[in-house]
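Q: Next comes the sequence, and after it the predicted model I'd like to discuss.
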Protein chains: 2
Amino acid sequence: MKLINQLSKETGIPIGTIRFYEKSGLFSGEKKQEVTTNNYVYYGDDVVEKLRFIQMAKAVGFTLAEIKEVVDAWYKKQISKKAKLEVLDRKLVQIDDKIKELKAVKKQIALCKFNIENGIGPDNN
Amino acid sequence: MKLINQLSKETGIPIGTIRFYEKSGLFSGEKKQEVTTNNYVYYGDDVVEKLRFIQMAKAVGFTLAEIKEVVDAWYKKQISKKAKLEVLDRKLVQIDDKIKELKAVKKQIALCKFNIENGIGPDNN
DNA sequence: TGCAAGTATGTAGTATACTACATGGTTCGC
DNA sequence: GCGAACCATGTAGTATACTACATACTTGCA
């Protein structure tokens, strides 16, 4: 079990951001009932995994709300199997769309590069 | 030459957002000097192209500032050929990173789906 | 034991990207 | 020629995602 500082060191995510994510319901740590002198919160390895997932998902343009959907689909017992699978299938479609769009952007930039290399300017100005 | 309303209809981007993008320096329309009764702004087909590019680039997590870099690399005469190509190469690397991350997220979600389908819950709770 | 470093809680401020609203002028169709 | 629809400008508000700061308590080490 880790304290927040260690969590931050392992993931590179600032402590303030981790607290913000926790407050947003993306995961939660636990207080140890055997410790009564303080109210420090401890986090398991699953939180490190979730943080890494959040990092990746954010980097490709998912919002925290969207990421929370996926995390809930995996961790919340209250949600039915069918509902979970629906959420995940929707995300997979979204991801494929994003990959398609990235390839389109890549193509555009490559074309743009080619034109610059060959001294071809834009149509206007 | 199009007015802002037509631009909005062609791209599906709200007028307010288009104005915001223009104010952010992503592109600019022009006033027609032969028209003196109003100060309507007209946009060329290049603006439609830029808007579509912005849409795609935003969908995959690029910020307007990052998008502006690319647009400037293509349209600004003041920037040297070398500097332009550097910007574009950096973006291409970023895009490849994003594609890699999307594939990693996809793998994670597929695994998550597999586990749910087979009734395997998460380690904790 | 003293004090730097770590932790919790809460509030406020910032950056980005819109979004809405108010005002005032213009154009177009009937 | 009049009203609906459109245009420009400006200001303010909202949502998201942090980021910083103040306060106060706790821990660990010299």
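A: Happy to help now that I have it.
Q: what's the offset of stretch A:82-91 from the middle of its chain?
A: Chain-centre distance of stretch A:82-91: 17 Å, with CA atoms, centre = their mean, to the nearest Å.
Q: wait, does that stretch contact chain B?
A: Yes - contact between stretch A:82-91 and chain B, assessed by CB under 8 Å from any CB of the partner chain, occurs at A:84-85, A:88-89, A:91. (Each C-beta comes from the backbone N, C-alpha and C, glycine too.)
Q: And stretch A:27-47, by the same measure?
A: Yes - for stretch A:27-47, a contact with chain B is found by CB under 8 Å from any CB, at A:44, A:46.
Q: export that stretch as CSV, just CAs?
A: Provided in CSV are the C-alpha atoms of stretch A:27-47 (Å, rounded to 0.1, in the frame of the first residue of the first chain):
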residue,chain,number,x,y,z
PHE,A,27,-10.7,5.8,-7.9
SER,A,28,-10.4,5.8,-4.2
GLY,A,29,-7.8,5.0,-1.5
GLU,A,30,-8.6,3.7,1.9
LYS,A,31,-7.8,4.7,5.5
LYS,A,32,-6.3,2.0,7.6
GLN,A,33,-8.4,1.3,10.6
GLU,A,34,-5.5,0.1,12.5
VAL,A,35,-3.9,3.5,12.3
THR,A,36,-5.6,5.9,14.6
THR,A,37,-3.1,8.7,15.0
ASN,A,38,-3.6,10.2,11.5
ASN,A,39,-6.0,10.0,8.6
TYR,A,40,-3.5,9.2,5.8
VAL,A,41,-5.0,7.5,2.8
TYR,A,42,-3.4,4.4,1.3
TYR,A,43,-3.6,3.3,-2.3
GLY,A,44,-3.2,-0.2,-3.9
ASP,A,45,-1.5,-1.2,-7.1
ASP,A,46,-4.8,-1.0,-8.9
VAL,A,47,-4.7,2.8,-8.5
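Q: Ranking by neighbours, what's the top pick from the residues of stretch A:82-91 next to chain B?
A: Counting by other CB atoms under 10 Å in any protein chain shown, residue A:91 has the largest number of neighbours within these, with 23 neighbours.
Q: that older thread, which one among the residues of stretch A:82-91 next to chain B gets closest to DNA strand C?
A: residue A:91 (21.1 Å; CB to the nearest atom of the strand).
Q: Within the helices and strands, which one has that closest one?
A: Assigned by DSSP states H and E, residue A:91 falls within helix A:81-117.
Q: And DNA strand D, is that helix touching that?
A: No - applying CB under 7 Å from any atom of the strand, one finds helix A:81-117 out of contact with DNA strand D, separated by at least 14.1 Å.
Q: Next, the angle helix B:81-117 makes with that helix.
A: Helix A:81-117 runs at 170 degrees relative to helix B:81-117, counting by axes from the mean of the first three to the mean of the last three CA atoms, to 10 degrees.
Q: ok, now which ones touch the residue most central in space within chain A?
A: Nearest residue to the geometric centre of chain A (CA atoms, centre = their mean): residue A:54, 2.2 Å. The contact partners of residue A:54, by CB atoms under 8 Å, 6 or more residues apart in numbering or on different chains, come to A:21, A:26, A:64, A:67.
Q: switch the cut-off to 10 Å
A: By CB atoms under 10 Å, 6 or more residues apart in numbering or on different chains, residue A:54 lies in contact with A:11, A:13, A:17-18, A:21, A:24, A:26-27, A:62, A:64, A:67-68, A:70-71.
Q: Among the residues you listed, which are located in strands?
A: If you go by DSSP state E, the contacts of residue A:54 have nothing in strands.
Q: just those that are near DNA strand D?
A: Restricting these to those within reach of DNA strand D (CB under 7 Å from any atom of the strand) leaves A:17, A:21, A:24, A:64.
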